[in-house]
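Q: what's the 3D shape of this:
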Amino acid sequence: MVQSDPIIQTENLTKVYTSRRSQTRALDRLNLSVQPGEIFGYLGPNGAGKTTTIRLLLDLIRPTAGRARIFGLDAQAHAVEIHRRVGFLPGELSLWRSLTGLQVIRHIANVRGMRDLRCAHQLAERLQLDLSKRVRDYSSGNRRKLGLVIAMMHEPELLILDEPTNGLDPLMQQEFNQMMREVRAEGRTVFLSSHVLGEVQAICDRVGILREGELRAVERVERLTHVDFRWVEMRFREDVPAAWRERLGDISGVSEVSIDGTTLRVRLQGDFDPLLRAVSGGYIRDLRVKEPTLEEIFLTFYDGDGKRAAQPERVKELA
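A: Predicted coordinates for the structure are as follows:
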């Protein structure tokens, strides 16, 4: 099978912001490929460098080093051509507050040379957006919906969305997820920056994890959710002895031991046998094994202060 060329390709893409007193490395030697027809989730806490990456891809800011290509075109030299083929939703959306939603759409459509607004109206209907209201009267969620309509109404080859579901209620988040699946089914590509891990888990094919400007991992969602740890919950006939907490804590691969009456819960990495041998003195009524959520996996890359957790570094790039 012939591998298609990447829709997005970066090579050592770096951005350093310099002031009189300091330098801040917002993005450090990013090497990333996004393939045609996939939904790629770009994960990281606020300040990790996600928005900086998007601005570099769209030539809104210039890199300190490295380069980016979209559709095989240099992001700087061919920015105008690239913008025609991209739908973009920024994290902070500024619109004409005195205009109605429909007037904003008509203005953007005129700039793009669009005459047919049927797609825009269909998107607004799906998102339950009243286009007759003025932008200043919209809630933050409705302004986000208008931004999505603008980004999608010309059916671009590539969607670049920065925190797209901020302010959307759960029903609209589900509708957004369905819309993204339809975009993928049409062979188009989505690059989606987010810190909403459940959203990414629901729709993305692959995710990249960014920390302090450095790419820490790129992995398929289904493979990422089958990492080498899981939660094990056992329910015993009798109360679990308190002494087991220390005993289990000494077993390699067992951590985060909690005891609640007859229930024992542990985080297990590796084989089951050492754990089962350690609890063989009790009668197990029920045993449940749960795979970690994407959020829990994400937290294995970060501790509570947003620092890299103590574990081996890895960056996997799978097409």
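Q: drop to CA atoms for contacts and neighbour counts, all remaining ones
A: OK.
Q: Not counting sequence-adjacent ones, nearest residue to residue 271?
A: The shortest distance from residue 271 to any non-neighbouring residue, by C-alpha to C-alpha, 6 or more residues apart in numbering, is to residue 253 (8.0 Å).
Q: so that neighbour makes contact with residue 273?
A: No: using C-alpha atoms under 8 Å, residue 253 is not in contact with residue 273, being 11.0 Å away.
Q: Enumerate every residue touching the residue nearest to residue 271.
A: Contacts here follow C-alpha atoms under 8 Å, 6 or more residues apart in numbering; on that basis residue 253 touches 267-271.
Q: Show me which of these is closest to residue 16.
A: Nearest to residue 16, judged by C-alpha to C-alpha, of the contacts of residue 253 is residue 269 at 38.5 Å.
Q: can you tell me which two in the contacts of residue 253 are farthest apart?
A: 267 and 271 (11.7 Å).
Q: May I have the phi/psi pair for the residue lying closest to residue 46 once chain neighbours are set aside?
A: In this structure, residue 46 finds its nearest non-sequential neighbour in residue 195, 7.6 Å apart by C-alpha to C-alpha, 6+ apart. Dihedral pair for residue 195: phi -120, psi 10, per degrees, to the nearest 10.
Q: Tell me the most packed of the contacts of residue 253, by neighbour count.
A: residue 268 (21 neighbours; other C-alpha atoms under 10 Å).
Q: Leaving out chain neighbours, which residue sits closest to that residue?
A: Residue 268 sits nearest to residue 254 (C-alpha to C-alpha, 6+ apart), 4.8 Å away.
Q: Narrow the contacts of residue 253 to those in helices?
A: The helices, defined by DSSP state H, take in nothing from those.
Q: Throw these into CSV and include distance to residue 105 and pLDDT, thanks.
A: Shown next, in CSV, are these (distance: C-alpha to C-alpha, whole Å; pLDDT from 0 to 100):
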residue, distance to residue 105, pLDDT
267, 51, 91
268, 52, 92
269, 52, 87
270, 55, 86
271, 57, 89
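Q: Export those residues to a markdown table and append columns for distance to residue 261.
A: Shown next, in a markdown table, are the contacts of residue 253 (distance: C-alpha to C-alpha, whole Å):
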| residue | distance to residue 261 |
| --- | --- |
| 267 | 18 |
| 268 | 20 |
| 269 | 24 |
| 270 | 26 |
| 271 | 25 |
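Q: now, among those residues, which is nearest to residue 73?
A: residue 269 (44.1 Å).
Q: Now do the strands in the protein.
A: With DSSP state E as the criterion, the chain has strands at 8-18, 23-34, 39-43, 65-70, 73-74, 86-89, 158-162, 189-194, 206-211, 214-220, 230-236, 254-260, 263-268, 284-290.
Q: most packed of those strands?
A: Most buried of the strands of the chain, by mean neighbour count (mean count of other C-alpha atoms under 10 Å): strand 39-43, with a mean of 26.
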